[in-house]
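*Asks:* any chance you could fold what I've pasted below:
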Amino acid sequence: MALAKLQRHLEKLYDVSVGHDVEDFLIHDAGLSRRLENNPAARVIPEKLLVHETDESLDIALFLEKELVERLRQDDPTERLHAGNLADFLTALEGVSHFLYLVWSAGYDRRVSLFELELQAEIDKFILAAILLARDENGRVPPELHRILFDEALLDPGIDAELYERYRTANAYARRYCGWLQRRFMTDRHEAGMMSELRRFYRLGQHEKMSRIRHNSMH
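*Replies:* Just a heads-up that it's a prediction; the model follows:
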């Protein structure tokens, strides 16, 4: 299934393994999603990671619309990514990214902020899209990919102000970092150097990541 493949791609990219399959935590019922969120009035959105944490446990469920998952099953972006399945790919990958980063961090007793989850997901979407597209373009990353994913990204104006600001800031930092990655590694296909950078970045804390992005974008 496409979701499991997306998880495997990310695990290979970052050299991590969590021992859990995202598909085992998948739900499609919007009503159940609201109940787990303890918010009967919550808006229905295509993707949402639901988390309940106690001193002894971390309970997780990933809500994705059933129709979206079915479309990915019929038109698997890990086999061929194109304009027709790009939007579904990005939505699903965001959820898989959240799941993987949260579970991996929990395995090391690392605290993770919502901002970190959003930042990593924005980076993951760009990097994995670049890898999949380059595979079908003789190693060439489409130069317009960065513009499509960041400059043309539209934030939902219906979300609350705090959430909007978190998305906006995460998008801005990811835009700077991925632009640097594209200039530094993708133009001349320095794959080994990019893998090393991405794996090191993945393991940094939030403040270290933001500092690294600010530093790299000036060089």
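*Asks:* all the strands of this structure, in order from the start?
*Replies:* Assigned by DSSP state E, the strands in the chain fall at 26-27, 47-53, 58-64.
*Asks:* return the distance of the second one from the chain's centre.
*Replies:* For strand 47-53, the separation from the chain centroid amounts to 14 Å (computed by C-alpha atoms, centre = their mean, to the nearest Å).
*Asks:* just the buried positions in it, please.
*Replies:* By neighbour count with 16 or more other C-beta atoms under 10 Å, strand 47-53 contains the buried residues 47-51. Heads up, the C-betas are built off the backbone N, CA and C, glycines and all.
*Asks:* closest one to Val16 out of these, please.
*Replies:* Nearest to Val16 among the buried residues of strand 47-53 is Leu49, at 17.3 Å by C-beta to C-beta.
*Asks:* which of the strands of the chain has the lowest mean pLDDT?
*Replies:* Ranked by mean pLDDT, those end with strand 47-53 at the bottom, a mean of 88.
*Asks:* which strands and helices sit next to that one?
*Replies:* Other helices and strands packing on strand 47-53, by 3 or more C-beta pairs under 8 Å, 6 or more residues apart in numbering; DSSP states H and E, are helix 30-37, strand 58-64, helix 86-107.
*Asks:* run the last query once more with 6 Å
*Replies:* strand 58-64, helix 86-107 (3 or more C-beta pairs under 6 Å, 6 or more residues apart in numbering; DSSP states H and E).
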